[in-house]
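Enquirer: A predicted structure for the sequence below; I have some questions about it.
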Amino acid sequence: MSTTKPMKRNKLLLLGAWLLMTTVPAQAADAIVPGAEWLDTEGMVINAHGGGILYHEGIYYWYGEAKGDFTYRSPGVGWDCYRTDAGGVSCYSSRDLCHWTYEGIVLDPDTTHTFSDIHPTMVIERPKVIYNERTRQFVMWMHIDNHNYEKAVAGVAVSDRPTGKFRFIESIRPNGQMSRDMTLFKDDDQQAYLVYSSEGNATLHIASLSDDYLHVTPHYTRHFVGQSREAPAMFKRQGKYYIVTSGCTGWDPNEAQWAVADHVMGPYTVMDNPCRGPHADKTFYAQSTFALPVVGTDQYIIMFDRWNKKDLITSRYVWLPVRFDDGALTIPWTDRWTPATLRW
């Protein structure tokens, strides 16, 4: 296994300065520009990949993978297994979804114990956080894996504050099943669900969580059986449940798909590709990671990652608004927008 040096914020600043000279301009502070470089309020490149967002007491918290600044390919692995040493989970905060303040690494990698699930040589991906009103704790679930992605487990951590530090508890195979790309969903009744690719990524599972959100219950359902869907993003609108997923093509982009159900556990009706615009057949060269309701509106955002597999820390973010026309979900390409001004 390659050994890499730890990521440093000043190196991100140098990276940002270099990227400013590329053809894609830096993210403007007053708008969301999909695919552009996105800087935090200190002028640093945002490092929160495969992320998810929690809204709590008037503030949005963006959690994501803190990618190291050296990308390498895992030796002895047949597919394009590009990765960085796990840098833990980063957090940014915002009140308007445009300006983001760096809150630090809220889940530290365990650099002491080489067999730890969150050691830098492991994989920490797609962290998502929900708040438990009963226990008053913030609960994080994430995809945990080893260098060749054969471990395939879900990890859970907990904190008393949204900005951590989070304490890692354990990793599991939910109900004895593999778990890779995942998301969390909390319904209006406060019941929470883990949504994850399973069965060798061939089938998507939805499992209910215990009342404290720290465990998976035996109640789960199987969806898109044999269709190899991953990168789930789930939300609820007007009593219906929506899932946006991608196909399984490693780091390379493919065509997205959406599905809808009357109940969170399904059954789901598979629809078509929701993307509209240039390169829609490749999901705008990006992959879904989270569906975000904009609080106080009927607007929804699908968050995507545009992966740069050979230099993962430079992967960019593609956030796009969802549009509904007669019940049909579409994600049209939008060059520049803000939640405050967008109206369909």
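Expert: That came through, no problem.
Enquirer: How about the secondary structure of Lys282?
Expert: helix (DSSP: H, G, I helix; E, B strand; the rest coil).
Enquirer: need the contact list for it.
Expert: With contact taken as C-beta atoms under 8 Å, 6 or more residues apart in numbering, Lys282 is in contact with 253-255. Heads up, the C-betas are built off the backbone N, CA and C, glycines and all.
Enquirer: do that again at 10 Å, thanks
Expert: Counting by C-beta atoms under 10 Å, 6 or more residues apart in numbering, Lys282 makes contact with 249, 252-256, 275.
Enquirer: what does Lys128 give?
Expert: The neighbours of Lys128, taking C-beta under 10 Å, 6+ apart as the test, are 50-54, 63-64, 89, 139-143, 182-186, 194-195, 289-290.
Enquirer: And for Ala207?
Expert: By C-beta under 10 Å, 6+ apart, the contact list for Ala207 reads 154, 174-175, 177, 179, 192-196, 198, 215-221, 265.
Enquirer: Of those residues, which belong to strands?
Expert: Using DSSP state E, the members of the contacts of Ala207 that fall in strands are 154, 192-196, 198, 216-221.
Enquirer: Among the contacts of Ala207, name the buried ones.
Expert: When burial is judged by neighbour count using 16 or more other C-beta atoms under 10 Å, the buried members of the contacts of Ala207 are 154, 174, 177, 179, 192-196, 198, 216, 220-221.
Enquirer: before we move on, what SS does Ile313 have?
Expert: For Ile313, the secondary structure call by three-state DSSP comes out as helix.
Enquirer: distance of it from Phe168?
Expert: 23 Å (C-beta to C-beta, to the nearest Å).
Enquirer: thought Gln177 was touching Asn201?
Expert: No - between Gln177 and Asn201 no contact is recorded; they are 11.5 Å apart, counting by C-beta atoms under 10 Å.
Enquirer: hey, what's in contact with both of these two?
Expert: Joint contacts of Gln177 and Asn201 (C-beta under 10 Å, 6+ apart) are Ala152.
Enquirer: ranges for the strands of the stretch 151-300 of the chain?
Expert: Under the criterion DSSP state E, counting those that start in this stretch, strands of the stretch 151-300 of the chain are mapped to 153-159, 167-172, 182-186, 192-198, 203-209, 216-223, 229-237, 240-247, 257-261, 269-270, 275-276, 287-293, 300-306.
Enquirer: Would you write a ChimeraX line that selects the buried entries of the contacts of Lys282?
Expert: Paste this into ChimeraX to select the buried members of the contacts of Lys282, with burial taken from 16+ other C-beta under 10 Å:
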select :253,254,256,275
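Enquirer: partners of the nearest residue to His49 once chain neighbours are set aside in the sheet?
Expert: The spatially closest residue to His49, leaving aside those adjacent along the chain, is Glu65, at 4.3 Å (C-beta to C-beta, 6 or more residues apart in numbering). With DSSP bridges applied, Glu65 shows beta-bridge pairing to His49, Val89.
Enquirer: Could you do Tyr196 as well?
Expert: Tyr196 forms beta bridges with Met182, His205, as assigned by DSSP bridges.
Enquirer: Next up, the contacts around it.
Expert: In this structure, Tyr196 makes contact with 126, 141, 143, 152-154, 174, 177-184, 204-207, 216, 220, 230, 232, judged by C-beta under 10 Å, 6+ apart.
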